[in-house]
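Colleague: A structural model of the following input is requested.
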Amino acid sequence: MGISAEKVCRTCRRLGMKLYIKGEKCYTEKCPFEKRPFPPGQHGRTRRFFRFSDYGVRLAEKQKLKNHYFMREDQFRRFFDMALKWKGNTGSKFIELLERRLDNVVMKSGFASSLRQARQLVSHGHVKVNDQKVDIPSYIVDVGDIIRVEREFVDDSPVTKAPSWIELIDKNTAKIVRLPERKDFDLKIDENLIVEFYSR
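Modeller: Residues are numbered from 1 along each chain as shown. From the prediction side, this is the model:
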């Protein structure tokens, strides 16, 4: 699943950016990135974040987005290859496809406090799409799809408000009312650098 649970906070600190991988904890004062906004390691407090080469800048941008979605490299690259087949801006389409992953939609709808928790809900068969059980976290939702999570597994205190492309019908049901757009994605990522990285 991309990176282990023990290393997620160190990943944010190493890349110099909060990636909101652990969900609820990232929005509190307990967030390690807020408490220690410097690179990890013995000498992290005394050194600044790295200045990357051109290649390093593109690699770091790719790593930020990949770790944000808690994905393995092969999964991440597969979605990029899918985006290449579409007309228009590859970077924007790439982010759209990543946002439409079922595990991400479950989290963005407020049904889980983190992407890891959302992925477990899907993998364990607690999520239905249009009344059909779907246990594949990478399943891509479409406009009009109804996503329902078994009520007993829904987080009663959602961390974030659902984006405008997701309509909450009730506490455990959501509907995709439109496709996500680049403006809906608020993480500071330059997707064009990721396109350049994979196109080199």
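Colleague: return the set of buried residues in stretch 118-133.
Modeller: Neighbour counts over stretch 118-133 (16 or more other Cβ atoms under 10 Å) mark 118-122, 126-127, 129 as buried. Using the backbone N, CA and C atoms, a C-beta is placed for each residue, glycine as well.
Colleague: doesn't residue 106 fall inside a strand?
Modeller: No. Going by DSSP: H, G, I helix; E, B strand; the rest coil, the assignment for residue 106 is helix, not a strand.
Colleague: export the buried residues of stretch 118-133 to TSV and tack on secondary structure?
Modeller: Converted to TSV, these look like this (three-state DSSP):
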residue	secondary structure
118	helix
119	helix
120	helix
121	helix
122	helix
126	coil
127	strand
129	strand
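Colleague: ok, which pair from those residues is furthest apart?
Modeller: 120 and 129 (16.7 Å; Cβ to Cβ).
Colleague: who does the biggest helix by length in the chain touch, helix- and strand-wise?
Modeller: Ranked by residue count under DSSP state H, the longest helix found in the chain is helix 54-68. Judged by 3 or more Cβ pairs under 8 Å, 6 or more residues apart in numbering; DSSP states H and E, helix 54-68 is in contact with helix 8-15, helix 73-84, helix 191-199.
Colleague: and those helices, which is most packed in?
Modeller: helix 8-15 (a mean of 20; mean count of other Cβ atoms under 10 Å).
Colleague: skipping adjacent residues, who's closest to the residue nearest the centre of the chain in space?
Modeller: Centroid-nearest residue in the chain: residue 69, 3.0 Å away (criterion: Cα atoms, centre = their mean). Excluding the flanking residues, the one nearest residue 69 by Cβ to Cβ, 6 or more residues apart in numbering is residue 98, at 5.5 Å.
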